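Participant: Let's see this in three dimensions:
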Amino acid sequence: MTAAESYGMLYRTRGGYWGHCLAEVYHPAPGRVVVVLTEQHGNDGPSITTAAADVWTLVEARHAPDPGVILVRIDHWDHATGPTWHLVALSRRADGTLHRPRWRRLSRAELAVLLA
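Facilitator: Below is the predicted model of the structure:
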């Protein structure tokens, strides 16, 4: 599946640090949005992993502001040993902010199912 939208994303953490990544947005089904964030080589700010709660808060506001939309969050890294993808889950505080990110590694087959 080809991304419906792909763009360079600049983000700022609550601590005031800037970072950047590549965002790819997929719409595999009505009411479902899959966003893949790719860590960029040369990002000298906080990584998408370190800044997960802040980055995914921005993504949610842009691509899934309606609480009825299911947002699937995926982190992607291109390592020297090969690419990896991780499904990202976050908890939500009473004030609505995201925190406590958790990751689960995805196989290529699992990624393909999520994007289909």
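Participant: Tell me, please, where in this structure the pLDDT is lower than the cut-off.
Facilitator: Applying pLDDT under 70 to the chain flags no residue at all.
Participant: Would you map the strands across it?
Facilitator: Using DSSP state E, the strands of the chain run over 5-12, 18-29, 32-39, 70-79, 82-92, 98-106.
Participant: Does anything pack onto the fourth one? Which helices or strands?
Facilitator: For strand 70-79, the packing partners by 3 or more C-beta pairs under 8 Å, 6 or more residues apart in numbering; DSSP states H and E come out as strand 32-39, helix 52-63, strand 82-92, helix 108-115. Every residue, glycine included, has its C-beta placed from N, CA and C.
Participant: so which of the ones you listed comes closest to Arg12?
Facilitator: helix 52-63 (7.4 Å; C-beta to C-beta).
Participant: and the angle from the closest one to strand 5-12?
Facilitator: Put simply, helix 52-63 runs at 130 degrees to strand 5-12, going by axes from the mean of the first three to the mean of the last three C-alpha atoms, to 10 degrees.
Participant: now the angle from helix 52-63 to strand 98-106?
Facilitator: Going by the same axes, to 10 degrees, helix 52-63 is angled at 90 degrees with respect to strand 98-106.
Participant: buried sites along helix 52-63?
Facilitator: Of the residues in helix 52-63, 52-57, 59-60, 63 count as buried by neighbour count, 16 or more other C-beta atoms under 10 Å.
Participant: Equivalent analysis for stretch 17-24, please.
Facilitator: Neighbour count says stretch 17-24 has 19-24 buried, by 16+ other C-beta under 10 Å.
Participant: Tell me which two of those sit farthest apart.
Facilitator: Greatest spatial distance in these: Gly19 and Glu24, 16.9 Å, computed using C-beta to C-beta.
Participant: Show me which of the buried residues of helix 52-63 is closest to Asp44.
Facilitator: Val55 (15.7 Å).
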